[in-house]
Every structure is written in structure tokens, then in C-alpha cells.
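K.L.:
Sequence and predicted structure are below.
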Amino acid sequence: MNDYKKKLTDFYNKFNENKRLDRRHGQVEFLTSMKYIHEYLEKGDRIVDIGAGPGRYSLALKEEGYDVTAVELVRPNIGMLRAKDKEIRIIEASATDLSMLKDDEFDVAIMFGPMYHLYSKEERLKALLEAKRVTKRYVFVTYIMNEYAVIEYAFKDDNYKQIKDKLTEDFRIDDPDNIFFQSRIEEIDELNELAEMKLIRRFASDGPSDYMRSTINKMDDETFEAYLDFHMKTCERKELLGASSHIVDILTK
């Protein structure tokens, strides 16, 4: 097992991704992403979920009747996914090498994990080009945002003194040993340009929800529904995108 795969395996052996998305602050991300995915799906579409994790999106879309292939590198995640659905097609592979998949094999690709964990621009570009190659129409790509990470982990969690050596003068996180890579809008735009992909829409899948997780998790049903309504109606506003926890690009060739 290479170092990269071992790091991911160690992390996901400890971190419960299903639990994160099941809690209310995580539901914001899931419900928002699914809303946009549904807007671009057609009946009978074939979907590839690249970096499927434990299968939250793969399983939901398969239950809706779509033909879903889950691509995942980390075996504990594959085990959780397989335990929930023994019939789903799962491929153990990295997002940067989908050579086992054919050109234009799928109608839509979802890539909601890989860009979190690929540190070099070359690796991120390779993953984006692979998703482009195997997909006919649309590719959904999620990024963790740099400013969110600085606000949350350096200042809100009072870790600035512990991580200040990993911050550049303009507060760009520079830590190749970190399992997560945080992006800025201009870096994402450059990646899309290099991959020669057209940006159709960009939205914040969770907006400020991660900053407010304890508050959101305690909301009563009426307040949570109002918050969801607010988020859905503002998640494409440009002034909010860079400070969101995550953003999603909807791309086409």
C-alpha cells in the first residue's frame, strides 16, 4: 500500500462520513447537492461516483433507479458500501487513473471526494481529465475552500499558533503533509481552463453550515426548514462562495 492510500485508509478508519452527512449540518450539503444533481439527470442515465466513500450518493441514486458505478480507493469505505448493497458495481481505483473505464461510458460523473485529497495541481488536473474522458454530459466536482479552513481551524478552534508556519503571507494553507487540500476560486478556475471544461454553474453545497454546526444540529424542524430555504436561495451568490466550506462546479466538455 502506498503512503497516499495508507493515509486515506487510516483517516477513514477513524472518521465516520455517514454520520457527518446524517446530522443536520451534513444534511444541508447532501440535500443541496442532490437538488442540483437531479436538475441535470435524465431517465436511464448512467452515473459514475468517483471517490464514492461509503456510498451516500451512490446508494441514494441507485435507489432512485439510476445505473450507478462507484469508484473508491479506500477499502474500509468499499466494505461499508458493499455491506449496504451487494449488487452495486464497485471499482477499487484512484480518481487519477480510471483506465478500466471506457471513453464516454457514463452520462454524468460525481466527484465529491478526490479534490479534497489530491495535493498537487498535476494530480487534480489528471483526475478532472479522467472524469471528463469517461463522461458524456456533466461532471460535478466538489472542493474544500481555503478561507473556510483558515477561519474554522486557525481562528475559531484557536489553533493559529500551532499552524502559523503552514500559512503563507496571504493566509494560503501550505501543508503537503495534510490529508486535505484547500482551494481558492482562482485555482479552481485555472484547473477548469487547463482541462478545457466549461463551467455551467457553481454553488456552495453547505455555505456557512459548518461554522454553525452545533446551532443547526439543535434547530427545531420549522427553523431548520427555513434555514434550508435560505441556503438553497443564496447558495449561488458569488459573495458567499469563497467562504463556504465546500463549493461544487457543474462542468461540461
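P.N.:
Perfect, I can see it now.
K.L.:
Confirm Gly207 sits in a strand?
P.N.:
No: if the criterion is DSSP: H, G, I helix; E, B strand; the rest coil, then Gly207 is coil and not within a strand.
K.L.:
so what's it up against?
P.N.:
Gly207 makes contact with 28, 231, 234-235, 240, 244-245 under the criterion C-beta atoms under 8 Å, 6 or more residues apart in numbering. Backbone N, C-alpha and C define where each C-beta goes, glycine included.
K.L.:
Next, give phi and psi for it.
P.N.:
phi 50, psi -130 (degrees, to the nearest 10).
K.L.:
From Val248, how far out is Ile200?
P.N.:
Distance from Ile200 to Val248, counting by C-beta to C-beta, to the nearest Å: 11 Å.
K.L.:
To clarify, my last question referred to Gly242.
P.N.:
Distance from Gly242 to Val248, counting by C-beta to C-beta: 14 Å.
K.L.:
And the two? Which one has more around it.
P.N.:
Each of Gly242 and Val248 has its neighbours counted (other C-beta atoms under 10 Å); Val248 has more, 25 against 16.
K.L.:
Please identify the buried residues of the longest helix along the chain?
P.N.:
Counting residues, the longest helix found in the chain (DSSP state H) is helix 24-40. Under the neighbour-count criterion of 16 or more other C-beta atoms under 10 Å, helix 24-40 has 24-30, 32-34, 36-37, 40 buried.
K.L.:
What are the contacting residues of it?
P.N.:
Contacts for helix 24-40 (C-beta under 8 Å, 6+ apart): 19-21, 56-57, 60-61, 108, 110, 112, 137-138, 140, 142, 201, 203-207, 209-210, 212-213, 216-217, 219, 224, 227-228, 231-232, 235, 245-246, 248, 250.
K.L.:
Sort out which of these are in strands and list them.
P.N.:
108, 110, 137-138, 140, 142, 201, 203-204, 246, 248, 250 (DSSP state E).
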